[in-house]
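[1] my questions concern the predicted model and sequence given below.
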Amino acid sequence: MKGLFVFSHDMEDVEALGTRALLKRAGLTVDAVTYEKSKKVKTAYGLTVEADYLGEDINPDAYDFLIIPGGPYVAKVIKKDVKIKRLILAFSKQNKLIAAICAGPRFFGQLHLLDKHRFTCYPGSEKDMPQGIYLPEEKAVTDKHIITARGAGCVYDFSYHIVNYTLGKNDADHLFEAIQY
């Protein structure tokens, strides 16, 4: 299974880097893509990381799942973004896994992908999903081909759901035994 992870300036460090590290540890291939002008991305807490690809260099059909982290960037770009939303729709239309954490599910909400679906997100972000079934107490939720998680403190639960969905329960359990969760 091969995944694509969206990196953006001001993405939440733990949600992006922690999730990606856990998925790679589980044996998944996870490439990072950015729609910024350069592959170098500065996280919300000042780390400079480099994406593997620029947006125009990837083919979404080559990937099995997509992950969107949260962070301050979401509030900055949510209204004007078309590239991340177009990418999300490309995956969703093929019923490929789409996963988002914290404020990241706002993209799904604005695309009406969470209508009548169970989800969780960072408190306040649910305003973009008025027709979804908001589960504020859940750390992570899987509903069909959509996984959502509440925030940075839920990275392990989010990662577990993704590994369980892509590789199965045995691999997810093995990963979390190995990291002493």
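    Looks like it came in fine. Numbers count the residues shown, from 1 in each chain.
[2] just the CA coordinates for stretch 12-20, please, in CSV.
    Extracted in CSV, the C-alpha atoms of stretch 12-20 (Å, rounded to 0.1, in the frame of the first residue of the first chain):
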residue,chain,number,x,y,z
GLU,A,12,1.0,20.7,13.0
ASP,A,13,4.3,19.0,13.6
VAL,A,14,3.2,16.0,15.6
GLU,A,15,0.2,15.3,13.3
ALA,A,16,2.3,15.3,10.2
LEU,A,17,5.7,13.9,11.2
GLY,A,18,4.5,11.6,14.0
THR,A,19,1.7,10.1,11.8
ARG,A,20,4.1,9.6,8.9
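[3] that stretch - what's its average pLDDT?
    In this model, stretch 12-20 has an average pLDDT of 98.
[4] how far off centre is that stretch?
    Centroid displacement of stretch 12-20 relative to its chain, using C-alpha atoms, centre = their mean, to the nearest Å, is 9 Å.
[5] got it, and stretch 13-30?
    Per C-alpha atoms, centre = their mean, the centroid offset for stretch 13-30 relative to its chain is 11 Å.
[6] ok, which stretches of this structure are helices?
    13, 19-25, 72-77, 83-93, 105-110, 155-167, 169-178 (DSSP state H).
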